[in-house]
Structure formats: structure tokens, C-alpha cells
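J.: need coordinates for the following:
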Amino acid sequence: MNDDGIKVDDRSDAVDEEVIAEVCGDGNSSRDERVDVIEEQGSELDFESDPYLALKQEAFESNLSDIESMNLFQVVPDNGFGKPLLVVVGVRVNTYYASMHRVLLLFIRLMDEISRGEFCVLYFNSNVGWSNQPGFYFLSSNYYVLPRRYKVNLSTISVVHPGVWVRGMFGLLRPILSTKFWNKLHYADRIEELWLDDVCAEDAFDIPSEATQFELSIQREHQVQAALLKSSGVIELTAAEAITAKRTEPSSGSSA
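T.: Got it, this is the predicted structure:
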């Protein structure tokens with residue numbers, strides 16, 4: 001029970017203002033009246049707004065083969081720790097040409113049932129450019145459409161090869177994201193951090209080729225840069241190299 005005498009679901013701390021806003025949205029009713037609406041609907045986790053129900057119906061009735069052919073989403077039944085995992089490969093969608101509404105429909109078709117229990121999301125940001133990035137309005141507006149269970153049952157959301165856009169977008173979304181979200185967010189600069197940090201098992205699924213190729217290109221770039229810096233003397237010599245260099249220097253008192 002909270003201070004208002006509301007019984008709280010074990011998987012959420014309370015029926016908070018975020019839940020009420022999602023359900024009633026207009027802000028004209030008193031808090032008690034709006035809580036009553038939620039209680040009449042049963043569990044607030046399973047409440048589905050009219051906009052979501054309309055999207056869900058469209059999602060299951062539509063032919064989304066054009067979006068499916070992008071292989072943007074992959075559902076992994078078990079991440080190695082007993083939880084389903086939604087893998088998203090960002091570079092595979094061109095937001096300039098693809099219908100983001102239809103992308104959302106496929107997302108809902110895949111996630112409607114999975115979201116009823118704990119699940120994880122893994123987003124590969126590898127080599128993502130401006131043409132692959134969904135806009136702020138698309139993300140923020142649809143965040144409110146999704147039922148609360150999507151947010152509560154999300155166990156972790158991991159971003160591989162995060163860049164400026166990802167970090168900046170999460171910063172812009174901060175006002176609408178709950179404080180609990182930040183404990184679920186995980187950044188992985190290297191692919192191996194996924195299993196080192198127990199996001200998923202190493203053999204849970206096949207890593208997208210775009211991600212492995214991107215990481216290899218970054219590694220090669222770093223190796224080339226390190227070699228150039230060392231050859232130009234920008235990188236400091238090791239102790240042994242410094243001693244050798246000192247021995248070969250001419251003494252200050254020698255004549256030209």
C-alpha cells in the first residue's frame with residue numbers, strides 16, 4: 001500500500017503520475033478519479049490505450065513483408081539467462097525512405113506478447129548515420145502509446161557502439177524517461193562486453209555482420225593511428241627505448 005491506499009503491483013513501485021498520465025492524459029480529472037479509471041481496467045501494466053489497440057490491430061492485419069525483409073529486428077527466445085531478447089540492427093533501416101509507421105507496426109507485432117514478461121533489447125548502433133536515425137518526435141510520441149508493461153518489464157536495453165546521436169537522443173528523452181530506466185541502460189563499446197557484462201551469452205545468437213565489420217574497421221584504424229603517432233615521436237617512448245635514445249645523444253660539451 002502507498003500513502004493513498006493503492007495496492008501496488010509487485011513489479012512496479014506504485015501507480016505513479018506517469019501511469020495516470022498515460023491512461024488519462026487530459027489532466028482534467030482529479031488524481032483519485034484517474035486512479036479509479038486504472039483500477040477499473042485491472043492491472044495498470046496490461047492496460048492498453050485506444051491508440052495502442054488500433055496500432056495492434058493494424059499490425060496483425062497488415063502485410064509487413066517489406067519491413068520484415070530489412071531484417072531490422074530479430075527475436076532471440078533466450079538471451080542465455082532465460083529472457084527473450086529483441087535485437088535491432090539500426091543500419092538496416094533507411095528512415096528517409098522506409099515508413100517508420102510500418103516499422104512501428106512490426107515492432108508491436110513482435111513485442112506485444114513478449115512484453116508481458118521480462119525481456120531485453122539490444123540495439124546495434126554500428127555504422128549508423130543520419131539516414132538510419134529515427135527522429136525525436138517519432139520516439140517520444142510512441143513512447144506514450146506503448147503500454148506500461150513495455151517499460152516495467154524491460155530488463156535491460158543495451159547499445160553496442162554508441163555514438164553522439166544515441167547519447168544525445170537519450171539526453172533529449174530524459175524528461176519523459178523514468179529514473180529506473182537509467183539503471184537498465186547499458187553501453188557496450190566492444191561486442192565482447194555483451195557477455196562480459198552478462199547482457200547475453202556469447203552463443204545466444206549470431207552477431208550481425210555489420211557490427212563485426214565495424215568493430216574490425218575501428219580496430220584497424222586505431223592500429224594505424226598508433227603506428228603513425230609512434231613513428232612521429234608523438235607517443236612517449238617506453239623506458240627501455242628512452243634509455244637507448246639517451247645513450248645515442250651527443251654530449252653538450254662536444255664541438256660541432
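J.: ranges for the strands of this structure?
T.: Assigned strands in the chain, in chain order: 73-76, 85-89, 119-124, 154-160, 185-188 (criterion: DSSP state E).
J.: got the contact list for the last one?
T.: Yep, that's strand 185-188 we're talking about. 156-162, 170, 194, 197, 199 (Cβ atoms under 8 Å, 6 or more residues apart in numbering). (C-beta placed from N, C-alpha, C; glycine too.)
J.: parallel or antiparallel, list what pairs with it.
T.: Here strand 185-188 is paired, per DSSP bridges, with strand 154-160 (parallel).
J.: okay, residue 249: pLDDT?
T.: On the pLDDT scale, residue 249 is placed at 44.
J.: the spatially closest residue to residue 64 that is not a sequence neighbour: what's it in contact with?
T.: The shortest distance from residue 64 to any non-neighbouring residue, by Cβ to Cβ, 6 or more residues apart in numbering, is to residue 106 (4.9 Å). By Cβ under 8 Å, 6+ apart, the contact set of residue 106 is 59, 64, 67-68, 72-73.
J.: try it again with 10 Å
T.: 59, 62, 64-68, 70, 72-73 (Cβ atoms under 10 Å, 6 or more residues apart in numbering).
J.: what does residue 103 give?
T.: So residue 103 contacts 64, 67, 70, 72-73, 93, 95, 134, 138 (Cβ under 10 Å, 6+ apart).
J.: same thing with residue 220?
T.: For residue 220, the contact set (Cβ under 10 Å, 6+ apart) is empty.
J.: in JSON lines, list the strands of the chain along with distance to residue 211, mean pLDDT and mean neighbour count.
T.: Formatted as JSON lines, the strands of the chain follow (distance: least, Cβ to Cβ, whole Å; pLDDT from 0 to 100; neighbours: other Cβ atoms under 10 Å):
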{"stretch": "strand 73-76", "distance to residue 211": "12", "mean pLDDT": "97", "mean neighbour count": "16"}
{"stretch": "strand 85-89", "distance to residue 211": "7", "mean pLDDT": "98", "mean neighbour count": "22"}
{"stretch": "strand 119-124", "distance to residue 211": "5", "mean pLDDT": "98", "mean neighbour count": "21"}
{"stretch": "strand 154-160", "distance to residue 211": "6", "mean pLDDT": "97", "mean neighbour count": "20"}
{"stretch": "strand 185-188", "distance to residue 211": "10", "mean pLDDT": "96", "mean neighbour count": "17"}
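J.: so can I have CSV of those strands showing distance to residue 212?
T.: CSV is the format used below for the strands of the chain (distance: least, Cβ to Cβ, whole Å):
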stretch, distance to residue 212
strand 73-76, 15
strand 85-89, 12
strand 119-124, 10
strand 154-160, 11
strand 185-188, 13
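J.: what's the closest of the ones you listed to residue 145?
T.: Among the strands of the chain, strand 154-160 comes nearest to residue 145, with 15.5 Å by Cβ to Cβ.
J.: by how many degrees do that closest one and strand 85-89 diverge?
T.: Relative orientation of strand 154-160 versus strand 85-89 (axes from the mean of the first three to the mean of the last three Cα atoms, to 10 degrees): 30 degrees.
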